[in-house]
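> the following block contains a protein sequence and its predicted model.
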Amino acid sequence: MKKLLVFSWALLWCVIASAQQTPAVHLVPQPKSVQTTAGTFSLSKVTRILYGDNEAKKVADLLNVFLKANNGITLPMNKAMAKTATGMISIVPDNTLPDEGYVLWVTPKMVQLRGNGAGLFYGLQTLQQLMQGEGEAMTIPNVKITDAPRFAYRGLMLDAGRWFFPADYVKHFIDVMAQYKFNRFHWHLTEDQGWHIEIKRYPRLQEISSKRAETIVGHAARSNTYDGKPHGGYYTQDEVRDIVKYAAERHITIIPEIEMPGHSEAALAAYPNLGCTGGPYKVSGKWGVNKEVYCAGNDSVYTFLENVLTEVMDLFPGQYIHIGGDECPKDRWKECPKCQKRMKELGLKDEHALQSYFIQRMEKFINSKGRRIIGWDEILEGGLAPNATVMSWRGEAGGIAAAKEKHDVIMTPNTYLYLDYYQGNPATEPLNIGGFLPLQTVYNYEPLPPTLTDNEQGYIKGVQANLWTEYLPTGELVDYMLWPRALAVAEITWSPAAEKNYDKFLERLPAQLAHMDKAGVSFRIPEPAGLENNVTASSKTSITLQPLVAGAKIYYTTDGSEPTESSTLYTATINLPVHKTPTVLKCIVVTPSGRKSSVYSATYLRKDYVAAANVNPAGKGIRFNAYNRTFKSARQVSGQADSSGVQPSFDLRPFLKKDAFSLAYEGYIKVDADGVYEFNLKCDDGGVLYIDDDLTIDNDGEHAPQDKTGIVPLKAGFHKIKVLYFNAGGGAELGVTVRTKAGNVNLRNALFN
């Protein structure tokens, strides 16, 4: 058993739990039902473990591994079907409980864990989170927990196609997953940039496809520089079998992904006859979507993939094989005589239908081996394979469409569950692909779309968060991007929707992060709670900060200097004078292990409330002028428009067919009460936002998606709002949100012209 399953929670409770009669219970994911009462069960080296069968014995053994590492003790064990025994810990199988469910009952006299199948293992994870104390004496608070998962499929995906991660790190990844009750590990193994699994029948995949000559430096959209360093590696079949067994012992099923028909240039580099042009091809060193794909009109491609998948299915005993199916450009197929001949023979109307033929042909083969396919939502294009399960990643639309067609769906929308997106200010974060996905956005995701009927919602089988690794070459960076956001995913997948509460989640989070800190997980250290930009009409403000890692310290400055451990230690509320020029509070968080966060900051400014405009606009929505061209900056967007109109809110969708375009929005926003309003402008490329002709947010310039905020005290009434935006080509994104302390403003109800 690896170390992550056995580290102590004891010190955390010294920080988290006060000496109260009914101690707080800080569990993640939040169980279905938790009842606490005063008192504790005292555990010592003479406490005996009773187990009901061989599966229960495995759990008892794991408990002893935990206790040995935590307290240096090993408890005596006996096989006995007794459900309760004074002074004992009873571990009892119970198939009357829901699948994967468990009941954990702790009184001053005994501990009883009952579980159905994997439920015993999940109950053990909860029990370990509850244990308090050090040395030969431990206590467990009196609780009765009744628990079972909300979704049967609870997944995380690791992209080991862009960068090769050693087997030890993969086990580390699995260990932390297991603690938080995930049960599906999606292992992405092949890409344009590398083929990282051994296939004995095709040795050139190991010799050629598993390594690339060099890798692009910086963001692929803005760089032509390469590092000149070879990178590669592959998992031997013996390593794969070992990892599959390791995961199964932790009740995790591994789903391998072998990409097809796109994202396949690494394989083509070894076997160029499988491509439409015959090559030459090379293992790509640049991120993105490549035009070189398997030839859909070449029967040797299907033979190759069937042979590959035969070996893959021998290694992975789970039900599902993931075949990718995403981002397959059709350029080569349109020019390829073999592909065009295949389309004519089959009467296919276009290349999308050819892709559907490709996927369905591979599905028939996989089904013939008693397995099922999963594919990204592009497999819907041209007609869905009959028994396929769809992973909906381009938002929820693909999942909704598949559920309506009575296909199983795993929800994994990039807007909520792509953990390679930035989780903080890009200026203080490691280089990433772009986008912005903070912890709260992840936590607030609800996987069952209200547009589906109850019956259709039943086809939503689970949820998965994905970690693509273009910009994550090390395990430390993977941990940083994964945690703590994956803790929010754990609650999405396990906890009842009615039990989800972000504020309460934040109360439970510090104990989990302190545990990870002690165990050596390189999670992102969150900003302290209470660190927020603030514009106020007052001459001073009070700032109360709380680290989100139990036992961590905060050091801060207000003079513009960078904080260090020699700066002022936060010990009590900061009473900060506020001026009409900005005051910036900068801080770092230092965990008990000595890890330091990035420098986080908040700006404080005194500003008078802005009076409402003397207008009474009657029209709902925001007026726009659209330009079928780009400008050098958003500030320059003006002049004779190519089209104009009114939108209910800010919406780029009508303009996305243009490679480059610009927009000028103008109207009024109605605020219902005097207050401090925080505006957020997210855009790719540049944008600026004005309130009452005052520049409130400057997010100008040609750049990847990024967020900026501005805060304005506003009097109740109508205020002029103007947004200027340009897109220089490539990705296009524009988002405007407004919130107060009471919550978000619904712009569809607040915009007028």
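Nice, I can see it.
> how is the chain partitioned into domains?
Split into domains by automatic domain parsing, the chain comes to 3-147, 149-180+388-523, 189-320+329-373, 534-606, 622-752.
> deepest of those, which one?
Counting by mean count of other CB atoms under 10 Å, domain 149-180+388-523 has the highest mean neighbour count of the domains of the chain, with a mean of 20. Just so you know, the C-beta spots here come from the backbone N, C-alpha and C atoms, and that holds for glycine as well.
> now do the same for it: mean pLDDT, whole number.
Per-region confidence: domain 149-180+388-523 scores 95 on mean pLDDT.
> just the endpoints, please. Distance across it?
End-to-end distance of domain 149-180+388-523: 25 Å, with CA to CA, to the nearest Å as the criterion.
> check stretch 411-427 too.
Counting by CA to CA: the opening and closing residues of stretch 411-427 are 31 Å apart.
> now the strands: where do they sit in the stretch 551-700 of the chain?
553-557, 568-569, 574-577, 583-590, 600-606, 622-627, 643-647, 661-671, 675-684, 686-691, 694-699 (DSSP state E, counting those that start in this stretch).
> just put the domains of the chain in TSV and tack on distance to Val615.
Listed next are the domains of the chain as TSV, based on distance: least, CB to CB, whole Å:
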stretch	distance to Val615
domain 3-147	48
domain 149-180+388-523	33
domain 189-320+329-373	42
domain 534-606	23
domain 622-752	5
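> out of these, flag the one nearest Leu380.
Relative to Leu380, the nearest member of those by CB to CB is domain 149-180+388-523, separated by 5.6 Å.
> ok, Asp479 - contacts?
For Asp479, the contact set (CB atoms under 8 Å, 6 or more residues apart in numbering) comprises 521-523.
> skip the chain neighbours and tell me the closest residue to it.
Counting by CB to CB, 6 or more residues apart in numbering, Ser522 is the residue found nearest to Asp479 once chain neighbours are left out, at 4.0 Å.
> cool, Leu695 as well?
Val688 (6.4 Å).
> tell me how far the one you found lies from Val736.
11 Å (CB to CB, to the nearest Å).
> contact partners of whichever helix or strand Met157 is part of?
Using DSSP states H and E, Met157 sits within strand 153-159. The contact list for strand 153-159 (CB under 8 Å, 6+ apart) reads 165, 170, 173, 177, 181-188, 191, 255, 410, 412, 461-469, 478, 482, 486, 489-490, 493-494.
> same question, stretch 360-371
So stretch 360-371 is contacted by 260, 302, 305-306, 309-310, 313, 319-321, 323, 372-373, 383, 385-388 (CB under 8 Å, 6+ apart).
> kindly report the same for stretch 543-551.
By CB under 8 Å, 6+ apart, stretch 543-551 touches 11-12, 15-16, 484, 506, 509-511, 513-514, 517, 525-531, 553-554, 556, 570, 573-576, 585, 587, 589, 591-592, 602, 604.
> what segments of the stretch 501-650 of the chain are helices?
For the stretch 501-650 of the chain, the helices defined by DSSP state H, counting those that start in this stretch occupy 502-519.
> average pLDDT across the helix or strand where Ala247 lies?
Here Ala247, judged by DSSP H and E, is contained in helix 237-249. The average pLDDT within helix 237-249 is 98.
> could you check how far that helix is from the centre of its chain?
24 Å (CA atoms, centre = their mean, to the nearest Å).
> check stretch 96-113 too.
That offset, for stretch 96-113, works out to 31 Å (CA atoms, centre = their mean).
> got the CA positions of that stretch in PDB?
Listed next in PDB are the C-alpha coordinates belonging to stretch 96-113 (Å, rounded to 0.1, in the frame of the first residue of the first chain):
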ATOM      1  CA  THR A  96     -28.400  -5.300   1.600                       C
ATOM      2  CA  LEU A  97     -26.800  -1.900   1.200                       C
ATOM      3  CA  PRO A  98     -26.800   0.000  -2.100                       C
ATOM      4  CA  ASP A  99     -23.900  -0.800  -4.500                       C
ATOM      5  CA  GLU A 100     -20.700   0.700  -3.100                       C
ATOM      6  CA  GLY A 101     -22.600   1.900  -0.100                       C
ATOM      7  CA  TYR A 102     -21.500   1.700   3.600                       C
ATOM      8  CA  VAL A 103     -22.700   2.500   7.100                       C
ATOM      9  CA  LEU A 104     -20.100   3.600   9.700                       C
ATOM     10  CA  TRP A 105     -21.300   3.600  13.300                       C
ATOM     11  CA  VAL A 106     -19.100   4.800  16.100                       C
ATOM     12  CA  THR A 107     -20.100   4.900  19.800                       C
ATOM     13  CA  PRO A 108     -18.000   5.000  22.900                       C
ATOM     14  CA  LYS A 109     -18.100   1.200  23.000                       C
ATOM     15  CA  MET A 110     -17.500   0.100  19.500                       C
ATOM     16  CA  VAL A 111     -16.900   0.900  15.800                       C
ATOM     17  CA  GLN A 112     -18.900  -0.900  13.100                       C
ATOM     18  CA  LEU A 113     -18.200  -0.600   9.400                       C
END
